[in-house]
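> give me coordinates for this.
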Amino acid sequence: MALSRMTTRSTRPDAEGNSREAQPNLEQKLDQILAVLTEANQKAKMAHEAILSLSNAGDWVLSSTI
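Numbering: from 1, shown residues only. Here you go, the predicted model:
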């Protein structure tokens, strides 16, 4: 048991150091996710506007033929 405790203690500072080093990578990944979501949101808005335009054009065609 003493050996496992020593191993745990000896590796613990390295694990904490690695988590600190991993932090910028996590921030970079979150920034990438945010950028992808922002782009997807913009594309969804453009698609929505296009559908509304088509819907309005269809309404105009129907009303002009009546």
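> going forward, measure contacts and count neighbours with C-alpha atoms only.
Fine.
> what about Leu54, how many neighbours?
Other residues near Leu54 number 12, with proximity taken as other Cα atoms under 10 Å.
> assign it to helix, strand or coil.
Recorded secondary structure, Leu54: helix (DSSP: H, G, I helix; E, B strand; the rest coil).
> tell me the confidence at Ser55?
Per-residue pLDDT puts Ser55 at 85.
> separation between it and Glu49?
Using Cα to Cα, to the nearest Å, one gets 10 Å for the distance from Ser55 to Glu49.
> Asp31 too?
Distance, Asp31 to Glu49, by Cα to Cα: 27 Å.
> try Asn41
Per Cα to Cα, Asn41 is found 12 Å from Glu49.
> now Ala35: how far from Asn41?
10 Å.
> again with Ile33
Taken as Cα to Cα, the span from Ile33 to Asn41 is 12 Å.
> what bits of the protein have low per-residue confidence?
Scanning the chain for pLDDT under 70 picks out 1-22, 60-66.
> just the helices from it, written as ranges.
2-65 (DSSP state H).
> how about stretch 34-51: buried residues?
For stretch 34-51, the neighbour count (16 or more other Cα atoms under 10 Å) marks no residue as buried.
> hey, C-alpha coordinates of it in PDB?
Extracted in PDB, the C-alpha atoms of stretch 34-51 (Å, rounded to 0.1, in the frame of the first residue of the first chain):
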ATOM      1  CA  LEU A  34     -18.400  28.600 -31.000                       C
ATOM      2  CA  ALA A  35     -17.200  29.600 -34.400                       C
ATOM      3  CA  VAL A  36     -18.900  26.600 -36.000                       C
ATOM      4  CA  LEU A  37     -22.100  27.300 -34.200                       C
ATOM      5  CA  THR A  38     -22.000  30.900 -35.200                       C
ATOM      6  CA  GLU A  39     -21.500  30.000 -38.800                       C
ATOM      7  CA  ALA A  40     -24.300  27.400 -38.700                       C
ATOM      8  CA  ASN A  41     -26.600  30.000 -37.100                       C
ATOM      9  CA  GLN A  42     -25.900  32.500 -39.900                       C
ATOM     10  CA  LYS A  43     -26.600  29.900 -42.500                       C
ATOM     11  CA  ALA A  44     -29.800  28.900 -40.800                       C
ATOM     12  CA  LYS A  45     -30.900  32.600 -40.800                       C
ATOM     13  CA  MET A  46     -30.100  32.900 -44.500                       C
ATOM     14  CA  ALA A  47     -32.100  29.700 -45.300                       C
ATOM     15  CA  HIS A  48     -35.000  31.000 -43.300                       C
ATOM     16  CA  GLU A  49     -35.000  34.300 -45.100                       C
ATOM     17  CA  ALA A  50     -34.800  32.500 -48.500                       C
ATOM     18  CA  ILE A  51     -37.800  30.300 -47.500                       C
END
